[in-house]
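Student: Here's a sequence, model it:
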Amino acid sequence: MICQLFNPDLIPIDKELIKAVIKRDVGCRKCFTKENLHVHHILPRSSSGKDTMENLICLCASCHRRQDLKFDRLRYLTIFEKRQIEENIRNARGLQ
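Tutor: Numbers count the residues shown, from 1 in each chain. Have a look, this model is predicted:
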């Protein structure tokens, strides 16, 4: 069974491209199951990721959820680290 998450704000991935990704990957690229499959953007659309064979992989629903949570944590850490660096720079300038 193939699932595609629905978000009304996004243009859906072309169905032929989805079929090609599933045919190429055969199943989930993480756990190898063939149940409840999603097509996942390696580089998310929100980060200028494209709908191409090179940027799409097949993941099951569980692995897709874990992958999305991991990306969200990394993005949060990046923002936090950037703020920390900016604060350190401001503090260093204040000490001069």
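
Student: So what's the residue count around residue 40?
Tutor: As a burial measure, residue 40 scores 22 neighbours (other Cβ atoms under 10 Å). Backbone N, C-alpha and C define where each C-beta goes, glycine included.

Student: If you tally nearby residues, what's the number for the closest residue to it other than its chain neighbours?
Tutor: Excluding the flanking residues, the one nearest residue 40 by Cβ to Cβ, 6 or more residues apart in numbering is residue 59, at 4.6 Å. As a burial measure, residue 59 scores 24 neighbours (other Cβ under 10 Å).

Student: For whichever strand or helix holds residue 19, name the packing helices and strands.
Tutor: In the assignment (DSSP states H and E), residue 19 maps to helix 15-25. With contacts taken as 3 or more Cβ pairs under 8 Å, 6 or more residues apart in numbering; DSSP states H and E, helix 15-25 sits against strand 37-41, strand 56-60.

Student: Residue 89: which of those is closest?
Tutor: Minimum separation from residue 89 across the helices and strands packed on helix 15-25 (Cβ to Cβ) falls at strand 37-41, 33.7 Å.

Student: mind exporting the closest one as PDB, just the C-alpha atoms?
Tutor: C-alpha atoms of strand 37-41 as PDB (Å, rounded to 0.1, in the frame of the first residue of the first chain):
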ATOM      1  CA  LEU A  37       5.200   3.700   2.000                       C
ATOM      2  CA  HIS A  38       5.700   7.400   1.600                       C
ATOM      3  CA  VAL A  39       7.900   9.400  -0.800                       C
ATOM      4  CA  HIS A  40      10.300  11.600   1.200                       C
ATOM      5  CA  HIS A  41      12.300  14.600   0.100                       C
END
